[in-house]
Every structure is written in C-alpha cells, then in structure tokens.
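Participant: can you look at this prediction? I've put the sequence above it.
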Amino acid sequence: MVQLERGNLTCREPMDRHVSWRAGGVAARCYAPRNRQDLISFVTDRPGSEMLYVVGLGSNLLVRDGGLDATVVLMHGALRETEVNHDGTHGTLLDVEAGVAAPKVARMAGRMGLEGAEFLAGIPGTLGGALAMNAGCYGSQTWDHVVSVMTLDRNGKVRVRQPDDYDIGYRHVALKEVVTGGLEPGGEWFLSARLAFTPGSAARAREKMRDLLSRRVATQPLDQPNAGSIFRNPEGGFAARLIESCGLKGARVGQAQVSPRHANFIVNLGGATASDIESLILEVQEEVWARQGVKLVMEVRIVGQSEKQAEVA
Ligand SMILES: Cc1cc2nc3c(=O)[nH]c(=O)nc-3n(C[C@H](O)[C@H](O)[C@H](O)COP(=O)(O)OP(=O)(O)OC[C@H]3O[C@@H](n4cnc5c(N)ncnc54)[C@H](O)[C@@H]3O)c2cc1C
C-alpha cells in the first residue's frame, strides 16, 4: 500500500505571516497539505463541527486581532500541479491546481503562445483565490476563461462543475445550488480549474504583461503591505475617485493609511493592527456615504473576531 504523505498542522498560527497586509490575529489551527490527495483526506478526517477556512496567498484577506477559531488550510505551495491538455472545442487547455500563483498561469499561457491570460500577471494571489473572487483588471476577469472547475466539499466529496453552476459577476461568484457541510459560505473549495485562452503570439503576450505591470508600478503602492483595492468600483464610477474627492488620501488610523498614491488602497505603515485597518475602512465608507451618497461595497474579506469579542468568549 502506498503511504499517504501528510502535511503540517500547527496551532495558534499568526496569520500576519500569511496575508499581504502583514497584520492581524492568529488562527486556532493551520494546515499546510502536501498535495491534493492529502488535502482531501485531511478534510474528510476532521470532526464535522470544526470550521475550515481556505487561504491562498492572503492578498485579499484580513484576520481580526482576536483571531479565527477555525483551521486555516493553506493552498499555496500545496496544490501546485499544472498540466496541458487539448480538446476539439477549445484547442489547448490548461489544467491548473488552485494553489498555483496567478502570475505563473499568465506566464505559462504566454510562453505557450496563448493570449488573454496577461491580466493575471499582476494579481498577487493564487488561482483558487482568483476563482473565489472572480479576480480581474483592465477589462478581463478570471471566469471568462474557465471551462470547468474541480471542487471539494466538507465531506471530502470531489465534483467537476461547469460555469453554469455559478452566479458569476463583478468580483462575485456563488454556487447556485446550496451545499451544506460547514465550510465558509459557498460550501465548496476550488481544487483546480480547466482554463482556455486564445491562440496568439508569445511575444505579444509578453509585451502586454510588461505593459500592464508597468501601469501597476506607476499607480499602486507596491512597496508597502496592502491588499489591493478595498472597495469594488460602483456602477459607472471609480471607488478611488470618490475617496479622493472626499480628501481622504493620506488619512490614518494608527499605522493604517489611505495610500497617498492610490486612494482605494490602504497600506500598513509598519505595525498596523487589523483593527486599525478595519476602522479606517469603515471611516472611509462612512465619509463617502455622507459626502457623496454612495455606499461603497468592500472587496477585501475580513474574518475572525475582534479582541473584545475574543475576551468575552
Ligand atoms: C497589490 C495588489 C494588487 C491587486 N490587484 C488586483 C486586481 O487587479 N484585481 C483583482 O481582482 N484583485 C486584485 N488584488 C486582490 C487579490 O490579489 C485577489 O483578490 C486574488 O484573487 C486573491 O487571491 P488569494 O489567493 O490571495 O486569496 P486569499 O486572499 O487567500 O483569499 C481570498 C478569498 O478567497 C477564498 N479562497 C481562496 N482560495 C480559495 C479556494 N481554493 N477555494 C475557495 N475559496 C478560496 C478565501 O477563503 C477568501 O475568502 C490585488 C491585491 C494586491 C495586494
């Protein structure tokens, strides 16, 4: 019998190590699986009452200072396989596991002379995170390229699903069917995706990636810990413009600051707490509502409990 390789389980894992904001509380437990098979077996074996929460590269995530009473499962570095396939309808297909970094998918597609994946080059998360968020930029989004996905539910059941199984919108993906079983809302995780891009030129793809990345370097505070855009753009407008027009660039709570370079980014100046960041987000939301009458909707995900809630518990 082949012995299953097991991953690594730790307790009280500081989540500031696993999120791009470099801030926040601890997770009660944290599991880094070895591979897909190990992940499936881990999920199947954990007590049904235990909450599991999947984390990719933590580039859109904050865990409150009182911590997360769950087992965090780290996908990056664990589900990292890629495979090239072909079919009569789409031609070349990329089968990519959820823990693979999105920029790697962009580079892989580009090297193969496929175009359309360039936007992923500047998204510093995993493919799993990009599927969960329908990440996108510059007019492209992840689900435009999904042929099918493989998912895992809390009971360890693996399914292949089609895009039609989901409600998909701007930074929004939700399974139409309600799957019960105690994972985070949605009930299933992404294990991998089958992606299709357009046959084209490797040189053009490389050039486009270079162009998109230089636009980011020019406009985003990439040298300071951040989580990308805090708010979704409202219909027909830009969150950054609304925030800037309220004079909020540079506004601070503790060590969290609305980036003077990009008003829809909040940066950690060094030692910010999750509470500093969340308070600043709420302040910005209230100001824009009061002055512009627009209710900005958060794009970043905030989980766990505040320090006060943790004391009471
Ligand atoms: C500098 C910077 C620039 C950014 N630019 C963009 C941009 O242009 N466009 C854009 O859309 N986003 C952008 N982001 C935000 C972020 O990179 C994306 O949302 C990314 O897709 C998140 O991936 P992740 O692996 O880091 O997810 P995480 O932050 O780890 O998780 C985000 C959410 O996805 C869930 N999740 C993660 N993996 C899975 C999985 N396998 N199955 C089910 N759920 C899962 C998590 O539970 C969590 O709720 C940017 C962030 C930064 C820091």
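Facilitator: The structure has been received and is ready for your questions.

Participant: and the pLDDT at residue 248?
Facilitator: If you check residue 248, the pLDDT there is 98.

Participant: show me what contacts it?
Facilitator: 258, 263, 284, 287, 288 (Cβ atoms under 8 Å, 6 or more residues apart in numbering). The way it works is simple: take the backbone N, C-alpha and C, and place the C-beta from them, glycine included.

Participant: what would these look like in TSV with secondary structure?
Facilitator: Formatted as TSV, these follow (DSSP: H, G, I helix; E, B strand; the rest coil):
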residue	secondary structure
258	strand
263	coil
284	helix
287	helix
288	helix
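
Participant: which one of the residues you listed sits closest to residue 199?
Facilitator: Ranked by distance to residue 199 (Cβ to Cβ), the contacts of residue 248 are led by residue 263 at 39.0 Å.

Participant: burial measure for the closest one, as a count.
Facilitator: A total of 25 residues lie near residue 263 under the criterion other Cβ atoms under 10 Å.

Participant: and residue 156, that one's in a strand?
Facilitator: No. Per three-state DSSP, residue 156 lies outside any strand segment and is coil.

Participant: rewinding a little: what's the closest of the contacts of residue 248 to residue 66?
Facilitator: residue 284 (22.4 Å).

Participant: just to revisit the earlier point, what's the closest of the contacts of residue 248 to residue 271?
Facilitator: The shortest approach to residue 271 among the contacts of residue 248 belongs to residue 258, at 17.1 Å (Cβ to Cβ).

Participant: doesn't residue 283 make contact with the closest one?
Facilitator: No. If you go by Cβ atoms under 8 Å, residue 258 and residue 283 don't touch, sitting 9.1 Å apart.

Participant: show me which of the two is the more surrounded one.
Facilitator: residue 258 (26 against 16).

Participant: list the contacts for the more buried one?
Facilitator: By Cβ under 8 Å, 6+ apart, the neighbours of residue 258 are 243, 248, 249, 250, 251, 252, 265, 266, 280, 284.

Participant: now the residues you listed: which count as buried?
Facilitator: 243, 248, 249, 251, 265, 266, 280, 284 (16 or more other Cβ atoms under 10 Å).

Participant: and the third one, how far from the ligand?
Facilitator: Counting by Cβ to the nearest ligand atom, to the nearest Å, the gap from residue 249 to the ligand is 17 Å.

Participant: same deal with the fourth one?
Facilitator: Taken as Cβ to the nearest ligand atom, the spacing of residue 251 relative to the ligand amounts to 20 Å.

Participant: just the pLDDT for that residue.
Facilitator: Predicted confidence (pLDDT) for residue 251: 98.

Participant: for the residue found closest to it once you drop the neighbours it is linked to in the chain, list each beta-bridge partner.
Facilitator: Leaving out its chain neighbours, the residue that sits closest to residue 251 by Cβ to Cβ, 6 or more residues apart in numbering is residue 258, at 4.7 Å. Residue 258 has these beta-bridge partners by DSSP bridges: residue 266.

Participant: quick check: the residue in the stretch 151-300 of the chain that the ligand sits nearest to vs residue 130, distance?
Facilitator: Of all residues in the stretch 151-300 of the chain, the one sitting closest to the ligand is residue 228 (2.4 Å; Cβ to the nearest ligand atom). Per Cβ to Cβ, to the nearest Å, residue 228 is found 12 Å from residue 130.

Participant: is stretch 260-279 anywhere near the ligand?
Facilitator: No. Stretch 260-279 does not reach the ligand (Cβ under 6 Å from any ligand atom); its nearest approach is 7.6 Å.

Participant: in that stretch, what's buried?
Facilitator: 261-268, 272-278.

Participant: in helices, which of those residues appear?
Facilitator: If you go by DSSP state H, those have 274, 275, 276, 277, 278 in helices.

Participant: reformat the residues you listed as TSV; add pLDDT and distance to residue 160.
Facilitator: Putting those into TSV (pLDDT from 0 to 100; distance: Cβ to Cβ, whole Å) gives the following:
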residue	pLDDT	distance to residue 160
274	98	37
275	98	41
276	98	43
277	98	38
278	98	37
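
Participant: could these go into a markdown table alongside distance to residue 85?
Facilitator: Below are those laid out as a markdown table (distance: Cβ to Cβ, whole Å):
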| residue | distance to residue 85 |
| --- | --- |
| 274 | 42 |
| 275 | 47 |
| 276 | 47 |
| 277 | 42 |
| 278 | 43 |
